[in-house]
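# test case, fold it:
(chains A and B)
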Amino acid sequence: MTDDEIQRSLAELHSASAGWALSCCRWDREEAEEVLQVTYLKILDGRARFGERSSFRTWLFGVIRRTAAEHRRGRWLRSMAGLTGRDGHPSPPPSPETRLGEAQSSQALRTALRELPARQREVLHLVFYQEMTLDETARVLGISPGSARTHYHRGKIALQQRLGREGKP
Amino acid sequence: MTPEDDRALAAAFADLRQEEEGQTPPFDEMVRRGRSRPARAARFLLLRPVWLAAAVALAALGVWMGVRAREPRHPDVPSLAEWRSPTDFLLATPGRDLLAVPAAWDRSVLDLREAPLTSQPERRSPS
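Below you'll find the predicted structure:
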């Protein structure tokens, strides 16, 4: 892919990438924007290269995920060294009263997703939000399709329970 | 989980996507903001004194542990082979010499005073 093609593909996938970055950063908007900026610069400056072994979207989502993990580690180290005021954790979840008022809304879904284990949250986001297949999801996360399927089923049940509906296995 | 549950989840995620898409800054704006951020190297420089101090402390700890490992731990304590129990004399009971060699079928304990028993008794002549 040429530089122009890469830039065009990044622009086309920008909304989807932003959603994925938000999920990787547990909906910490400031952190997600930083992660996305760093990811774009990595790719545009040639520090991350597309090897064309998978689709561009699968590769891009993998880069975003790794960048978010690096960012989290960096933030934790900076907080340990006392260089930032923030402790690197997302804002605390709202109280149960607040949650009742948000039932069935996007905020309730975000809150429920935030409470899920990382793998389950990632799989559900990629399948439902990004409309990826389980095979594509497994490639983005670097896990086997069987493992992705397990996280998918467990995640759906856990999410249903957190949203206040009864999860039926 | 029923197909209806799956559809409800898909609809909830679609609402979430729609909401978030409206709040996402444009791509060019994102790249421009990224370029104007302070360089990561500059941030690393801020962290460098902390890392250097940690590395020096770790190296000093390593050297100290290495020196300590080479020193004999308890120079005044005798080795296990040299050690004798202070109550060893209690085991020196009378008749202990009888038990020092295995018993022989054709010799009496009374012979012990004349010639000590050996494990290989002399063979008697057939006469």
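# once you drop chain neighbours, what's closest to the residue in chain B positioned nearest to chain A?
Nearest residue of chain B to chain A (C-beta to the nearest C-beta) works out as B:Gly34 at 3.1 Å. For every residue, glycine as well, the C-beta is placed using N, CA and C. Take B:Gly34 and drop its neighbours on the chain: the residue closest to it by C-beta to C-beta, 6 or more residues apart in numbering or on different chains is A:Gln37, 3.1 Å away.
# which pLDDT value does the model give A:Gly146?
Per-residue pLDDT puts A:Gly146 at 94.
# who in chain B is up against chain A?
For chain B, the contact set with chain A under C-beta under 8 Å from any C-beta of the partner chain comprises B:1-2, B:5-6, B:9-10, B:12-13, B:15-17, B:19-21, B:23-28, B:30-31, B:33-35, B:37, B:40, B:43, B:46-47, B:50.
# could I have the buried ones of those residues as PyMOL selection syntax?
Selection of buried members from the residues of chain B next to chain A for PyMOL, criterion 16 or more other C-beta atoms under 10 Å in any protein chain shown:
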select buried, chain B and resi 5+9+12+13+16+17+20+24+27+30+31+34
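# re the thing from before, quick one, what contacts the residue nearest to B:Gly34?
With contact taken as C-beta atoms under 8 Å, 6 or more residues apart in numbering or on different chains, A:Gln37 is in contact with B:30-31, B:33-34, B:37.
# how about 10 Å then?
By C-beta atoms under 10 Å, 6 or more residues apart in numbering or on different chains, the contact set of A:Gln37 is A:21, A:67, B:25, B:30-37.
# in chain B, which spans are helices?
B:3-23, B:27-36, B:40-70 (DSSP state H).
# show me what the second one is packed up against.
Other helices and strands packing on helix B:27-36, by 3 or more C-beta pairs under 10 Å, 6 or more residues apart in numbering or on different chains; DSSP states H and E, are helix A:3-12, helix A:14-24, helix A:29-44.
# from the chain's centre, how far out does that helix sit?
In terms of C-alpha atoms, centre = their mean, to the nearest Å, the centre of helix B:27-36 is found 51 Å from the chain centre.
# so where is chain B shaky, pLDDT-wise?
B:38-47, B:73, B:75, B:109, B:112-127 (pLDDT under 70).
# test my guess that the residue of chain B closest to chain A contacts A:Val38.
Yes. The pair B:Gly34 / A:Val38 is scored as a contact, 6.7 Å apart, by C-beta atoms under 10 Å.
# once you drop chain neighbours, what's closest to A:Gly51?
A:Trp59 (7.4 Å).
# and that neighbour, how many neighbours?
A:Trp59 is flanked by 19 other residues according to other C-beta atoms under 10 Å in any protein chain shown.
# same thing with A:Gly51?
With other C-beta under 10 Å as criterion, A:Gly51 counts 6.
# from memory B:Asp15 sits against A:Leu109, does it?
Yes. Contact status for B:Asp15 versus A:Leu109: in contact at 7.8 Å, counting by C-beta under 10 Å.
# list the buried ones in the longest helix anywhere in chain A?
If you go by DSSP H, chain A has its longest helix at helix A:56-80. Residues of helix A:56-80 classed as buried by neighbour count (16+ other C-beta under 10 Å): A:56-68, A:71-72, A:74-75, A:78.
# stretch A:132-150 now?
So stretch A:132-150, judged by 16+ other C-beta under 10 Å, has buried residues A:132, A:134, A:136-141, A:143, A:148.
# do you know how far A:Arg29 is from chain B?
According to C-beta to the nearest C-beta, to the nearest Å, A:Arg29 and chain B sit 8 Å apart.
# gap between the residue nearest to that residue when sequence neighbours are not counted and B:Gln23?
Excluding the flanking residues, the one nearest A:Arg29 by C-beta to C-beta, 6+ apart is A:Leu22, at 6.9 Å. As judged by C-beta to C-beta, to the nearest Å, A:Leu22 and B:Gln23 stand 9 Å apart.
# kindly provide the distance from A:Leu134 to A:Gly62.
A:Leu134 sits at a distance of 16 Å from A:Gly62 (criterion: C-beta to C-beta).
# looking at chain A, which helix or strand does the model trust least?
Ranked by mean pLDDT, DSSP states H and E, the helix or strand of chain A with the weakest confidence is helix A:96-101, at a mean of 45.
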